[in-house]
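*Asks:* 3D, please:
(one chain, ligands or ions: 2)
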Amino acid sequence: MSSYLESPAVCHLPRVTVIGAGRVGSTLAQRIAEKNLADVVLLDIVKGMPQGLALDLMEARGIEIHNRQIIGTNDYIDTSGSEIVVITAGIPRKPGMSRDDLLKTNAKIVVEAAKNAIAHSPNAILIVVTNPLDVMTYLAWQASGLPRDRVMGMAGVLDSARFEAFIALELGVLPADVKAMVLGSHGDLMVPLPRYANVNGIPITELLDAATIERLVERTRNGGAEIVELMQTGGAFFAPASAVSVMVESILLNQSRLLPVAAYLQGEYGLNDVFIGVPCRLSCGGIESVLELNITDEEKAALHLSAQSVRQNIDRAQEILAAVSV
Ligand SMILES: NC(=O)c1ccc[n+]([C@@H]2O[C@H](COP(=O)([O-])OP(=O)(O)OC[C@H]3O[C@@H](n4cnc5c(N)ncnc54)[C@H](O)[C@@H]3O)[C@@H](O)[C@H]2O)c1
Ligand SMILES: O=C(O)C[C@H](O)C(=O)O
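*Replies:* Ligands and ions are numbered 1, 2, ... in the order given. Modelled structure (predicted):
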């Protein structure tokens, strides 16, 4: 075919970089491409691995019916000009470990990833997935030098989806008919809000007794560990990748969805200088606003306890980073 164009065409397709092509990263690349949201650059330190995964995903395009490019690389130069950068690089926990046990190893990985990625995509929005989530999001924000509205962590969408899944299983209803919100840190001190959980508008307090709700809340708090124990090698990745993909979608399509994400707080909920899960509207600029819910004194105390533990781990991480001078 000969070219009909009289001047070179400049077609801009959104591009999302996923750093870390492991289980979460590669599944996320698949979700983003197959939902037709953006081209994807998959980056990992392991030579050949992201390239192989990208080729595999490219070969599925005809069957899945989309035309998104998926590039695998070990070089940040290939990530240039991304609208969104998602950091999944780092180790997952093993049975018996807490997410905080990953802090020492993952802090350095996340700081380097954030610096390198933003050097090549200075206008990007950064979504952190690596654990311990709230602490890693803080470190990535600091390292990137980005304003707070362009840095966030994914955890609340996953934790809320788990709470919704357990409610749906208990009641035998369609999962999509259940809505719930989990705030706070992504750890044992997360703050599920049963008061706000409902099945098509009917509060779960009308449908389940207090002991059952407490059991489902506890299962939600242990949702990640339950899967780590079952799998023995690594943790969940299908639902985490789905959770990140709805955040990416809300940003790229400017949907202004109200989702729980780890955001930097400056006075909201009485908290300062900490990333923690709160309801945020996500649009093309990143975090458009933080919704300050009317929470009870008990819920507020739980949120503050959660934030306190994140704060302590941020201080610990900064000491570790200072010692290795990253
Ligand atoms: N926030 C959440 O809700 C949530 C959910 C699931 C997993 N996670 C976390 O996400 C992280 C990844 O989990 P996974 O199951 O995909 O692990 P994984 O081991 O399958 O993948 C991690 C990948 O990171 C790569 N990597 C390591 N150092 C790197 C570096 N410096 N640069 C680029 N890539 C690097 C590894 O080579 C590996 O491919 C873990 O920390 C896990 O705990 C968080
Ligand atoms: O539990 C983990 O270690 C992984 C992740 O944070 C999860 O909640 O599935």
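
*Asks:* Please make it C-alpha for all contacts and neighbour counts, starting now.
*Replies:* OK.

*Asks:* interface residues of the protein facing ligand 2?
*Replies:* Taking Cα under 6 Å from any ligand atom as the criterion, the neighbours of ligand 2 within the chain are 92, 93, 99, 224, 225, 235, 236.

*Asks:* Identify the residue nearest the third one in space, chain neighbours excluded?
*Replies:* Spelled out, that is residue 99. residue 132 (5.1 Å; Cα to Cα, 6 or more residues apart in numbering).

*Asks:* Export the residues of the chain next to ligand 2 to TSV and append columns for neighbour count.
*Replies:* As requested, the residues of the chain next to ligand 2 are exported to TSV (neighbours: other Cα atoms under 10 Å):
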residue	neighbour count
92	21
93	21
99	19
224	22
225	23
235	21
236	17
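
*Asks:* Looking at these, which is nearest ligand 1?
*Replies:* For ligand 1, the nearest member of the residues of the chain next to ligand 2 is residue 92. The distance, counting by Cα to the nearest ligand atom, is 3.7 Å.

*Asks:* The closest one contacts residue 103, doesn't it?
*Replies:* No: with contact defined as Cα atoms under 8 Å, residue 92 does not count as touching residue 103 (10.6 Å).

*Asks:* hey, what's in contact with both of those two?
*Replies:* Shared contacts of residue 92 and residue 103 (Cα atoms under 8 Å, 6 or more residues apart in numbering): residue 131.

*Asks:* filter the residues of the chain next to ligand 2 down to the ones near ligand 1?
*Replies:* The residues of those that also fall near ligand 1, by Cα under 6 Å from any ligand atom, are 92, 93, 235, 236.

*Asks:* Tell me which two of those residues sit farthest apart.
*Replies:* The most widely separated members of those, counting by Cα to Cα, are 93 and 236 (10.5 Å).

*Asks:* Find residues that contact each of these two.
*Replies:* Taking Cα under 8 Å, 6+ apart as the criterion, residue 93 and residue 236 both touch residue 228.

*Asks:* Is any residue of the helix or strand harbouring residue 263 near ligand 1?
*Replies:* Assigned by DSSP states H and E, residue 263 belongs to strand 257-266. No: Strand 257-266 stays clear of ligand 1 (Cα under 6 Å from any ligand atom), getting no nearer than 9.5 Å.

*Asks:* hmm, the helix or strand just after that strand touching ligand 1?
*Replies:* Towards the C-terminus, the helix or strand next in line after strand 257-266, according to DSSP H and E, is strand 272-283. No: residues of strand 272-283 are not located near ligand 1 by Cα under 6 Å from any ligand atom, the shortest gap being 10.9 Å.

*Asks:* so how far is strand 272-283 off the chain centroid?
*Replies:* In this view, strand 272-283 has its centroid 12 Å away from the chain centroid, taken as Cα atoms, centre = their mean, to the nearest Å.

*Asks:* list the contacts for the residue in the chain that ligand 2 sits nearest to?
*Replies:* Of all residues in the chain, residue 224 sits closest to ligand 2, at 3.2 Å by Cα to the nearest ligand atom. Residue 224 sits next to 235, 236 when contact means Cα under 8 Å, 6+ apart.

*Asks:* Model confidence score at residue 202, please.
*Replies:* The predicted local distance difference test score for residue 202 is 98.

*Asks:* is it in a bridge, and if so with what?
*Replies:* For residue 202, the beta-bridge partners under DSSP bridges are residue 199.

*Asks:* from here on, count from 33
*Replies:* Understood, numbering begins at 33; the last thing we discussed is residue 234.

*Asks:* Quickly note the distance from it to residue 211.
*Replies:* When distance is defined by Cα to Cα, to the nearest Å, residue 234 is 10 Å away from residue 211.

*Asks:* try residue 81
*Replies:* For residue 81, the distance to residue 211 - Cα to Cα - is 38 Å.

*Asks:* And residue 156, by the same measure?
*Replies:* According to Cα to Cα, residue 156 and residue 211 sit 30 Å apart.

*Asks:* How about residue 78?
*Replies:* Here the distance between residue 78 and residue 211 works out to 39 Å (Cα to Cα).

*Asks:* who has more neighbours, these two?
*Replies:* More neighbours sit around residue 211 than around the other of residue 78 and residue 211, counting by other Cα atoms under 10 Å; the figures are 22 against 13.

*Asks:* hang on, isn't the more buried one packed against residue 231?
*Replies:* Yes: counting by Cα under 8 Å, residue 211 touches residue 231, with 6.4 Å between them.

*Asks:* circling back to that earlier point, the residue of the chain closest to ligand 2 should be in a strand, yeah?
*Replies:* No: note on residue 256: no strand contains this position according to DSSP: H, G, I helix; E, B strand; the rest coil, which reports helix.
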